[in-house]
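Enquirer: Predicted model and sequence below, questions to follow.
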Amino acid sequence: MAGIGRKTDKWGSRFGFIMAAVGSSVGLGNFWRFPYTAGEEGGGAFILIYMMCVLLIGLPLLMAEYAMGRKSGMSAVEGIQSLARAESRSQNWGIAPWIGTLTALMGWSAPSPH
């Protein structure tokens, strides 16, 4: 891990910060609105599975992404690629953050059921 260096400790631009804040807001809106709507329509059992997935999969991934970001001082994509290089691992690990980004974008752009 000695090959990983911190590039910056601040936002690159005001636009980048605003986009991150908007993304966070959209994610929180999904987290609160979806369970409410599903429970209201009789999907209470599904809510339990949803919450378990959020806690058992989403939270550890979020913590891992934050840890890599803190260590490298880079974006998720750059940080994972840099970590893979420093640990002499496959550069295919650079695909992982893109999958997460695309998943978030697909969920954000999905049409409303109503």
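Expert: Sure thing, it's come through.
Enquirer: where along this protein do the helices fall?
Expert: Listed in chain order, the helices of the chain (DSSP state H) span 14-40, 44-53, 59-72, 76-86, 95-109.
Enquirer: from the chain's centre, how far out does the last one sit?
Expert: Using Cα atoms, centre = their mean, to the nearest Å, we find the averaged C-alpha position of helix 95-109 to lie 8 Å away from the chain's own average C-alpha position.
Enquirer: and if you look at the first one?
Expert: Taking Cα atoms, centre = their mean, one finds the center of helix 14-40 at 12 Å from the center of the full chain.
Enquirer: Which other helices and strands does that helix contact?
Expert: Packing contacts for helix 14-40, counted by 3 or more Cβ pairs under 8 Å, 6 or more residues apart in numbering; DSSP states H and E, involve helix 44-53, helix 95-109. From N, CA and C alone the C-beta is placed, and that goes for glycine too.
Enquirer: May I see those arranged in a markdown table, with mean neighbour count as well?
Expert: Formatted as a markdown table, these follow (neighbours: other Cβ atoms under 10 Å):
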| stretch | mean neighbour count |
| --- | --- |
| helix 44-53 | 12 |
| helix 95-109 | 12 |
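Enquirer: Make JSON lines out of these and add mean pLDDT and distance to Ala84.
Expert: Output for these, formatted as JSON lines (pLDDT from 0 to 100; distance: least, Cβ to Cβ, whole Å):
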{"stretch": "helix 44-53", "mean pLDDT": "82", "distance to Ala84": "26"}
{"stretch": "helix 95-109", "mean pLDDT": "74", "distance to Ala84": "9"}
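Enquirer: For Trp93, the count of nearby residues, please.
Expert: Each residue near Trp93 was counted by other Cβ atoms under 10 Å, and the total is 14.
Enquirer: before we move on, what about Met19?
Expert: 11.
Enquirer: For Ala84, report the pLDDT, please.
Expert: Looking at Ala84, its pLDDT reads 84.
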